[in-house]
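Undergrad: Fold the following.
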Amino acid sequence: MKRFLALCLTTGVSAYAAPISGVPAANIKADGYAPASQLTREWRQHPVAVGAMPVENPDGIVGWYGYENDSPSPTDPTQPQTLPTPLSAVEAQKTEPDKNTYLVLWNQKGADPHYNYGTHFLFQGHELGAKDAAGVSHSYITRINLDADTAHRVTLMATHDVNGNPIAPIDGSTWDPFAQRLLFTTESASAPVYAATLSVPSQVEDVSGALGRGGYEGIQNDNYGNIWIVEDIGGANKPGTVSKRPNSFLYRYVPRHPGDLHNGKLQVLQVWVGDHPATFDSQAALFAPDQVAIRTAGTSYKTRWLTIHDTAVDGTTPFNANTLAKAAGGTPFKRPENGVFRPGSHFREFFFDETGDTNATSVENAGAGGWASIFKLSQHGANADEGRLSIFFQGNQAVAGLDNLCFLSDDLLLVVEDAGDGLHGQRKALDSGFLFDVDADYSHGRQPIRFLAEGRDASATIDSAFGGFGKNEGDNEITGIHVSDGDPSVNGILGAKVPHFGHDGWRMFWTQQHGDNVTWEVTRAKHGDNDDDHDDW
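TA: Okay, the predicted model is just below:
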């Protein structure tokens, strides 16, 4: 126990605030080197689904959890070529299962009418799909049946929407208990937001006539039935640099009544710096004063929500939210990815991160959000029109390219990296997951605890070396970090309850995207697995 306390004290986090000892360093990135992931010793992980696992109800080339058979094996065309061989230096399309949504449900059916699928399910949209002759990507939605055997472990829920259109590549997901629908976002201004039923096959509907279209990624309900959306669109380079112009917004959809996905208002967050709003135009220059100001420790700025689309006035034709946000004077950020409400705050505190420039040569890395940032938005309630924005954490070379986040408890926040192959090579380090104490001050060099040093499987190592054979990503990425008890009711909205990981049905999942596309469940180490006993947390 003394060794655990010493490590916590050296990282600036008390033993009471941090239940883990952490991992000392990220895994090294080196050509041909495929290191295993390292997880803090207080936790264990095991795979719940792997890319080459067949789905129980295949549909055309969609027959595997993380692959499509657009490039068949040269010796058996019924199987996808998941790795290049001397016979054929190509690969099947890897579909990259993305964000995780965990639900505890009864009476769920699948492809086998006689099989008991249990009660514990993990839903995912897939981020990539093989392109057809017209260049349109075909993706899909799957359900991992956590209680099922291998033959029934993964159910294909949908490859097309209710109008017969192929499912576009998906990024974010959540469960809307008011609408009784799964919601999926697509990181493209030309692609829908989807609402999907729990049935198999799922009835998937385009609801972007009310929620809009943009580079949407993170999506989250609040206790009023509003839907918060975090956009991730990389901006143009500022002249002569690799520093990106802030180009992404934070949105709130206010339905006419909770659960209405067709009638309501879409709003954009606007941040005021002094006597003026921080807008797209005001952040065009290098180290623009507004851009630096909102990332300055110890400051906070007034915010307000602006309505940019109202179906009662503007109709229900799908629209580009990013364009309307700029025109209205919304405040853009550097590729924000996801956001979550702090448990126990009664939906008054919303934390969201931005990925930044993911380039060690960006001149805006320090002080202007280039490495990454985590913000806190405070309001009197989730439906309030005004609030305050403050910077919680500014990244550095060792903590950069932040992506997904979720709360482990009422004050412990898990945040994971997606730094990308370029920054991996620049810093010679792969991605990591970090634990933050949101009541702590990180403005004077204090650093979070690393709970995961992600490795790189052989498949991702090959892709990194050969450019993914023109269609696949390289290094593995951490995505879909998710802690939930699976409660599908309004009381189960993320942020409504304080998580108790490892107890009372609270479970943790994350997906190792790219490469073999493995989704992991993380559990607490059992008593006796460690030298020290940390059961007191």
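
Undergrad: The residue nearest the centre of the chain and residue 233, how far apart?
TA: The residue lying closest to the centre of the chain (Cα atoms, centre = their mean) is residue 404, at 3.9 Å. Distance of residue 404 to residue 233, computed by Cβ to Cβ, to the nearest Å: 17 Å. C-betas here are computed from N, CA, C, even on glycine.

Undergrad: can you check residue 255 too?
TA: Residue 255 is 24 Å from residue 233, by Cβ to Cβ.

Undergrad: ok, now residue 437?
TA: With Cβ to Cβ as the criterion, residue 437 and residue 233 are 31 Å apart.

Undergrad: now residue 92
TA: If you measure residue 92 against residue 233 using Cβ to Cβ, the figure is 29 Å.

Undergrad: Looking at those two, which one has more neighbours?
TA: residue 92 (26 against 20; other Cβ atoms under 10 Å).

Undergrad: so who does the more buried one touch?
TA: Contact analysis of residue 92 by Cβ atoms under 8 Å, 6 or more residues apart in numbering lists 67, 68, 69, 70, 71, 72, 80, 81, 82.

Undergrad: just these now: which is nearest residue 308?
TA: Nearest to residue 308 among these is residue 68, at 36.4 Å by Cβ to Cβ.

Undergrad: which residues does that closest one bridge with?
TA: Note on residue 68: beta-bridge partners by DSSP bridges are residue 62, residue 93.

Undergrad: Might one say that it is in contact with residue 126?
TA: No - counting by Cβ atoms under 8 Å, residue 68 does not reach residue 126; the two are 9.1 Å apart.

Undergrad: Please say which of those two ends up with more neighbours.
TA: residue 126 (29 against 22).

Undergrad: And the more buried one, what's its pLDDT?
TA: Listed pLDDT for residue 126 reads 98.

Undergrad: Quick one: residues contacting residue 198.
TA: Contacts for residue 198 were tallied using Cβ under 8 Å, 6+ apart; they are 105, 108, 180, 182.

Undergrad: ok, residue 304 - how many residues close by?
TA: 15.

Undergrad: which residues do residue 68 and residue 126 both contact?
TA: When contacts are counted by Cβ under 8 Å, 6+ apart, residue 68 and residue 126 are jointly contacted by residue 95.

Undergrad: Quick one: the helices in the stretch 101-250 of the chain, in order.
TA: With DSSP state H, counting those that start in this stretch as the criterion, the stretch 101-250 of the chain has helices at 208-211.

Undergrad: count of residues packed around residue 19?
TA: That count, for residue 19 with other Cβ under 10 Å as the rule, works out to 24.

Undergrad: That one falls within a strand, correct?
TA: No - counting by DSSP: H, G, I helix; E, B strand; the rest coil, residue 19 is located in no strand; its state is coil.

Undergrad: I'd like the distance between it and residue 345.
TA: 20 Å.

Undergrad: same question, residue 399
TA: Distance of residue 399 to residue 345, given as Cβ to Cβ: 24 Å.

Undergrad: Same drill for these two, tell me which one is more crowded.
TA: residue 399 (23 against 18).

Undergrad: Now for the more buried one: which residues touch it?
TA: Residue 399 is in contact with 371, 372, 393, 417, 432, 434, 447, 448, counting by Cβ under 8 Å, 6+ apart.

Undergrad: Which of the contacts of residue 198 fall within strands?
TA: Under the assignment DSSP state E, the contacts of residue 198 contribute residue 182 to strands.

Undergrad: count of residues packed around the nearest residue to residue 430 once chain neighbours are set aside?
TA: Of all residues not flanking residue 430 in the chain, residue 27 sits nearest, at 4.6 Å (Cβ to Cβ, 6 or more residues apart in numbering). When neighbours are defined as other Cβ under 10 Å, residue 27 has 24 of them.

Undergrad: give me every residue that touches residue 27.
TA: Counted by Cβ under 8 Å, 6+ apart, residue 27 has contacts 35, 37, 38, 429, 430, 453, 454, 455, 456.

Undergrad: go again using 10 Å as the cut-off
TA: Going by Cβ atoms under 10 Å, 6 or more residues apart in numbering, residue 27 touches 33-38, 424, 428-432, 452-456, 476.

Undergrad: So which of these sit within strands?
TA: Among the contacts of residue 27, DSSP E puts 38, 432, 452, 453 in strands.

Undergrad: Not including adjacent chain positions, what is the nearest residue to residue 397?
TA: Using Cβ to Cβ, 6+ apart, the closest residue to residue 397 is residue 427 (5.4 Å).

Undergrad: how much space between the one you found and residue 358?
TA: 11 Å.

Undergrad: Which one of those two is surrounded by more residues?
TA: Using other Cβ under 10 Å, the more surrounded residue of residue 427 and residue 358 is residue 358, with 27 against 16.

Undergrad: Go ahead and confirm residue 249 touches residue 320.
TA: No - judged on Cβ atoms under 10 Å, residue 249 makes no contact with residue 320 at a distance of 11.6 Å.

Undergrad: Pull up the overlap in contacts between those two.
TA: 214, 326.

Undergrad: Of those two, which one has the most company?
TA: Per other Cβ under 10 Å, whichever of residue 249 and residue 320 has more neighbours is residue 249, with 28 against 15.

Undergrad: That one: what's its closest spatial neighbour, skipping adjacent residues?
TA: Residue 249 sits nearest to residue 325 (Cβ to Cβ, 6+ apart), 4.4 Å away.

Undergrad: ok, residues contacting the helix or strand where the one you found lies?
TA: For residue 325, the host element (DSSP states H and E) is helix 321-328. Contacts to helix 321-328, defined as Cβ under 10 Å, 6+ apart, come from residues 189, 193, 208, 211-216, 229, 231, 233, 247-251, 253, 266-270, 277, 279-281, 306-309, 314, 320, 330-332.

Undergrad: Please tell me how far residue 69 sits from residue 507.
TA: 32 Å.

Undergrad: Show the pLDDT at residue 530.
TA: At residue 530, pLDDT is 51.

Undergrad: let me fix that: residue 351
TA: On the pLDDT scale, residue 351 gets 98.

Undergrad: these two touch, right, it and residue 389?
TA: No - counting by Cβ under 10 Å, residue 351 stays clear of residue 389, with 11.1 Å between them.

Undergrad: give me the low-pLDDT residue ranges for the stretch 401-537 of the chain?
TA: Counting by pLDDT under 70, the stretch 401-537 of the chain has low-confidence residues at 527-537.

Undergrad: how about stretch 181-193: buried residues?
TA: For stretch 181-193, a neighbour-count test (16 or more other Cβ atoms under 10 Å) marks 181, 182, 183, 184, 185, 186, 187, 188, 189, 191, 192, 193 as buried.

Undergrad: Could you do stretch 252-264 as well?
TA: For stretch 252-264, a neighbour-count test (16+ other Cβ under 10 Å) marks 252, 253, 254, 255, 258, 260, 261, 264 as buried.

Undergrad: a strand runs through residue 265, doesn't it?
TA: Yes - using three-state DSSP, the assignment for residue 265 is a strand.

Undergrad: show me the contacts for it.
TA: 210, 226, 252-256, 305, 307-314.

Undergrad: and if you look at residue 511?
TA: Counted by Cβ under 10 Å, 6+ apart, residue 511 has contacts 48-49, 66, 96-100, 122, 124, 127, 404, 476-482, 517-520.

Undergrad: One more: residue 51?
TA: Contacts of residue 51 (Cβ under 10 Å, 6+ apart): 64-67, 80, 82, 92, 94-97, 457, 459, 512-519.

Undergrad: Check residue 289 too.
TA: 273, 274, 278, 282, 283.

Undergrad: Would you report which members of the buried residues of stretch 181-193 are assigned to strands?
TA: Per DSSP E, the buried residues of stretch 181-193 map to strands at 181, 182, 183, 184, 187, 188.
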